[in-house]
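**Q** coordinates only, sequence not included:
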């Protein structure tokens with residue numbers, strides 16, 4: 001994955017300074033943390049109300065270990081950020097399916113990398129990320145680089161699914177029942193060679209805080 005040289009969207013960026021592990025009272029709550037360069041926080045579009053978006057760039061986020069994808073929404077002429085799934089390429093179209101979509105359509109064959117949909121639209125064994133714990137809460141699970149969740153049970157004869165819940169295996173290996181109305185994104189979060197990078201010197205560790 002190659003990052004682009006385009007500047008991040010100013011409207012979706014918030015500058016944050018490092019405080020050396022101190023809280024709002026100035027007291028040290030995290031030890032052995034000092035220095036740190038001023039960083040810009042990118043606002044991720046977790047709810048994804050836009051229907052369609054086109055991948056126009058890959059960006060580095062200093063606040064996260066996973067790369068970001070910049071989407072352009074033609075209907076609203078706006079931009080947004082989402083986590084970059086593994087294998088996604090420029091000019092790829094990403095679709096966000098509404099919760100009240102008609103399930104009678106063959107939506108299973110339409111889901112591509114990065115698509116967002118309720119859990120009821122995924123098949124058993126699919127790898128997903130940015131999973132909501134509760135409907136409308138926003139993504140909570142599988143947001144780090146290289147992480148994913150897996151759908152373990154979506155069978156109609158399953159008693160759990162009959163109560164509108166699906167069984168999801170979390171990155172920790174634990175299984176959890178999550179509402180079928182909770183949203184998730186299709187695919188695995190790319191690592192972007194994050195785990196292969198080396199700090200190389202102590203100064204770079206100070207830059208990161």
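**A** Here it is on my side, so go on. Here the structure is a predicted model, which is why all the values come from computation and not from measurement.

**Q** drop to CA atoms for contacts and neighbour counts, all remaining ones
**A** Will do.

**Q** which residues does residue 55 contact?
**A** 69-72, 89-94 (Cα atoms under 8 Å, 6 or more residues apart in numbering).

**Q** Select only the buried ones of these in PyMOL?
**A** Command for PyMOL that selects the buried part of these, burial taken from 16 or more other Cα atoms under 10 Å:
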select buried, resi 69+70+71+72+89+93+94
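
**Q** want to throw the contacts of residue 55 into JSON lines with distance to residue 12, pLDDT and secondary structure?
**A** Shown next, in JSON lines, are the contacts of residue 55 (distance: Cα to Cα, whole Å; pLDDT from 0 to 100; DSSP: H, G, I helix; E, B strand; the rest coil):
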{"residue": "69", "distance to residue 12": "13", "pLDDT": "93", "secondary structure": "strand"}
{"residue": "70", "distance to residue 12": "11", "pLDDT": "93", "secondary structure": "strand"}
{"residue": "71", "distance to residue 12": "12", "pLDDT": "94", "secondary structure": "strand"}
{"residue": "72", "distance to residue 12": "13", "pLDDT": "94", "secondary structure": "strand"}
{"residue": "89", "distance to residue 12": "22", "pLDDT": "93", "secondary structure": "coil"}
{"residue": "90", "distance to residue 12": "20", "pLDDT": "92", "secondary structure": "coil"}
{"residue": "91", "distance to residue 12": "21", "pLDDT": "93", "secondary structure": "coil"}
{"residue": "92", "distance to residue 12": "21", "pLDDT": "94", "secondary structure": "coil"}
{"residue": "93", "distance to residue 12": "21", "pLDDT": "94", "secondary structure": "strand"}
{"residue": "94", "distance to residue 12": "19", "pLDDT": "94", "secondary structure": "strand"}
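
**Q** Which member of the contacts of residue 55 is positioned nearest residue 8?
**A** Closest approach between these and residue 8, by Cα to Cα: residue 70, at 8.7 Å.

**Q** I'd say the closest one and residue 61 touch.
**A** No. Using Cα atoms under 8 Å, residue 70 is not in contact with residue 61, being 11.4 Å away.

**Q** what about the longest strand in this protein?
**A** Across the chain, the longest stretch assigned as strand under DSSP state E is strand 52-59.

**Q** beta partners of the residue nearest the centre of the chain?
**A** Nearest to the mean C-alpha position of the chain, counting by Cα atoms, centre = their mean, stands residue 83 at 3.9 Å. Beta-bridge partners recorded for residue 83 (DSSP bridges): residue 68.

**Q** Spit out the contact partners of it.
**A** Contacts of residue 83 (Cα under 8 Å, 6+ apart): 44, 66-69, 143, 189.

**Q** Dump those into JSON lines; add distance to residue 19 as well.
**A** What follows is the contacts of residue 83, written out as JSON lines (distance: Cα to Cα, whole Å):
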{"residue": "44", "distance to residue 19": "23"}
{"residue": "66", "distance to residue 19": "23"}
{"residue": "67", "distance to residue 19": "24"}
{"residue": "68", "distance to residue 19": "25"}
{"residue": "69", "distance to residue 19": "28"}
{"residue": "143", "distance to residue 19": "24"}
{"residue": "189", "distance to residue 19": "29"}
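
**Q** Next one, pLDDT for the closest residue in space to residue 37 that isn't next to it in sequence please.
**A** In space, residue 37 comes closest to residue 207 once its chain neighbours are excluded; the distance is 5.2 Å by Cα to Cα, 6 or more residues apart in numbering. pLDDT for residue 207: 84.
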